[in-house]
Every structure is written in C-alpha cells, then in structure tokens.
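Enquirer: predicted model and sequence below, questions to follow.
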Amino acid sequence: MNQQLEEIKKFKARFDNEEKEILVLTESGMSASKSGNEQYWTVSITALAYIDMKSGELVEGKRRVEWLADDKERRSEKKIYGLEGQKIYQLIVKESLPFENEYTHDVFAKGYWLMLVDVAKRNCQNIQLENILKEYQKEVFIQPEGCQKLILDKSLNLFSGEGIWNQKECSIHLDSDGEDLETANEALITFNELMTHCDIWDQKAREYAADELTELANDWAEEDDSEITHEDFARRILISEVCASPEGDFELFYEDDDMFYGHVIIVSGNIHEGFDGADIAG
C-alpha cells in the first residue's frame, strides 16, 4: 500500500495543482506502460491540439494526456476513461511543471504533458479542432525508386509500404524527418544507400546474422535435426522488412525459415559504421 501511495504521489508531483478545462482532439487510441516493480500503469493518449475553455486559446502540437491505472482497471473491458482516437472531448486536466531530463538535459516547458483529472463531456464539436482533424486525415506519401507508395502514419512518424529489395518483395519503413513533418529526406539518404547496393548489404547482413546466431540456432534445433552450418543459416533467412532512419541507422528484418520457430531475425547497423547487432524477436 505504501508503494502505491508513493507512486501516486510521485506521479502527481510532476503536475501543477491548478485544474483547467480544455477541449481536446485526440490522435490515436490509448496506450499503457510501466517498468520494474511499479504497481500502476501510466495510461496515455496523444492530443493533436486543444482549446483552453477559459481563455479560448488554441494550442497546436502533440501533447500526451496521462493518468494512472492499476492492473484490474487496465484489464477491464470498460477501460478507465475509455478515450478513443480522432475524437473531441471536454477534459479537466493539470499541466506538467517545467522539466529537465537528468540524462539528456532536454528541457520541457510547462504543459508539455497533461494529467487527466476527469472527462467532463464526450462527442464534442468544435470547428477549429474539426478542421485540424481533416488536415491530419489527408493522405501523405512518398514513392522512392523501387517502392510503391509509402504512406505516412502520422501517429508513428513513419512512412510505410511495399517495395523490392534485392529482387525480393518486402515491407519498407522510413522514419519521417521529425514530429509533425511530412518528409523523410534524412532517412532517404540511408535507404538510397541500402537500395543502390542492396545485393552487397543483403549478403553482408546474412553473413553477420550467421556469425552471431548459427550457434543459437543449433541450440534451438531438435536432437534429430541436422546441424545448421554457417552457410545454411545465411542461405535460409529471407528478407521481410527494410527500415531506414536518419544518420545512417537501419534495421533489416529476416524470416527465420523456422530455425527459431517463426521468430523474426533483426540485423541492425549503420551505413557508415557497419553492423552492430543481430537478434531474434516476436
């Protein structure tokens, strides 16, 4: 009980005592996270914009609206507050206090986060917020050479679609240039290198994955299975996704041909510095 009270106290200490009433436009559905031995989940939903109902001020730009929920509340079919994406709500909230990250030293102004106190009204209407939603819902895409349309998921800041990489059809994902930006110029530098020399990158990624994971694949194998050689491993895996990020970072996802019972193999690296990891996931 003491730990629960301490968690609630710590959470509330991040926010101002003053309550304010806002009309808020949400982006996508609710999500939740917790770490370590925490008793409460931090549940959140992203706001695209909100209007201060006292001053009438329109505040644009993404904000995260947060609250705490225990395991029972999170598992309940009727989720606490039950907020949905791309809706307008009238909320009672508290603004976060100014904050500096002790590790990165990034500084966040007051109100960067909002603590949800209560939902005052649902299914609201407001022409300003509705116009912002219409703009948000417009399709944005790019089409690099070798790809079909890569459509921007604005909630993830990610362009995604299908393409051909080293003569294999796969999914392509490019990070956008930043929150609320509808370009991927930085990630395209990475992707163009991966595309131009796709045969070389594919072969090197297979070899690297085989170096890192062949022994583990044999550990996973049944007793009567033939030994998996380095050459077998490199040959059997099949590209499924190419993910490119700014500053040269990338991830290549490979199907495992059941060597890890359907887990995906992720080879990560940088076009300037080479590979730095090969893991299984999923």
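Expert: All right, it came through fine.

Enquirer: could you say which helix or strand holds residue 74?
Expert: Assigned by DSSP states H and E, residue 74 falls within helix 71-75.

Enquirer: show me what that helix is packed up against.
Expert: Counting contacts by 3 or more Cβ pairs under 8 Å, 6 or more residues apart in numbering; DSSP states H and E, helix 71-75 is packed against strand 41-52. Using the backbone N, CA and C atoms, a C-beta is placed for each residue, glycine as well.

Enquirer: using CSV, write out every CA atom in the strand it packs on.
Expert: Output of strand 41-52 as CSV, limited to C-alpha atoms (Å, rounded to 0.1, in the frame of the first residue of the first chain):
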residue,chain,number,x,y,z
TRP,A,41,0.3,1.6,-15.3
THR,A,42,0.8,5.0,-16.9
VAL,A,43,-2.0,5.2,-19.4
SER,A,44,-1.8,7.9,-22.1
ILE,A,45,-3.4,9.2,-25.2
THR,A,46,-1.9,11.7,-27.6
ALA,A,47,-3.6,15.0,-28.2
LEU,A,48,-3.2,16.7,-31.6
ALA,A,49,-4.4,20.1,-30.3
TYR,A,50,-6.6,21.6,-27.6
ILE,A,51,-8.5,24.7,-26.7
ASP,A,52,-8.3,26.3,-23.3
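
Enquirer: show the subsequent helix or strand relative to it.
Expert: Downstream of strand 41-52, the next assigned helix or strand under DSSP H and E is strand 58-69.

Enquirer: what does that next one contact?
Expert: Contacts to strand 58-69, defined as Cβ atoms under 8 Å, 6 or more residues apart in numbering, come from residues 7-8, 11, 24, 26-27, 32, 40-52, 79-81, 83, 91, 93, 111-116, 128, 132, 179-180.

Enquirer: where's residue 235, which helix or strand?
Expert: Assessed by DSSP H and E, residue 235 sits inside helix 230-236.

Enquirer: the strands in the stretch 51-200 of the chain, which residues?
Expert: With strands called from DSSP state E, counting those that start in this stretch, the stretch 51-200 of the chain shows them at 58-69, 88-96, 99-100, 107-108, 113-121, 141-142, 150-153, 158-165, 168-175.

Enquirer: pLDDT weak spots in this protein?
Expert: When residues are selected by pLDDT under 70, those of the chain lie in 1, 77-79.

Enquirer: quick one on the thing from earlier: tell me the most buried of the strands of the stretch 51-200 of the chain?
Expert: Comparing the strands of the stretch 51-200 of the chain by mean neighbour count (mean count of other Cβ atoms under 10 Å), strand 88-96 ranks first with a mean of 21.

Enquirer: against which helices or strands is that strand packed?
Expert: Counting contacts by 3+ Cβ pairs under 8 Å, 6+ apart, strand 88-96 packs against strand 15-26, strand 113-121.

Enquirer: go ahead and produce CSV holding the CA coordinates of the helix holding residue 74.
Expert: The C-alpha atoms that make up helix 71-75 are tabulated as CSV, following Å, rounded to 0.1, in the frame of the first residue of the first chain:
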residue,chain,number,x,y,z
ASP,A,71,-3.9,-4.0,-13.3
LYS,A,72,-7.7,-4.5,-12.8
GLU,A,73,-8.6,-1.2,-14.4
ARG,A,74,-6.2,-1.9,-17.4
ARG,A,75,-7.6,-5.4,-18.0
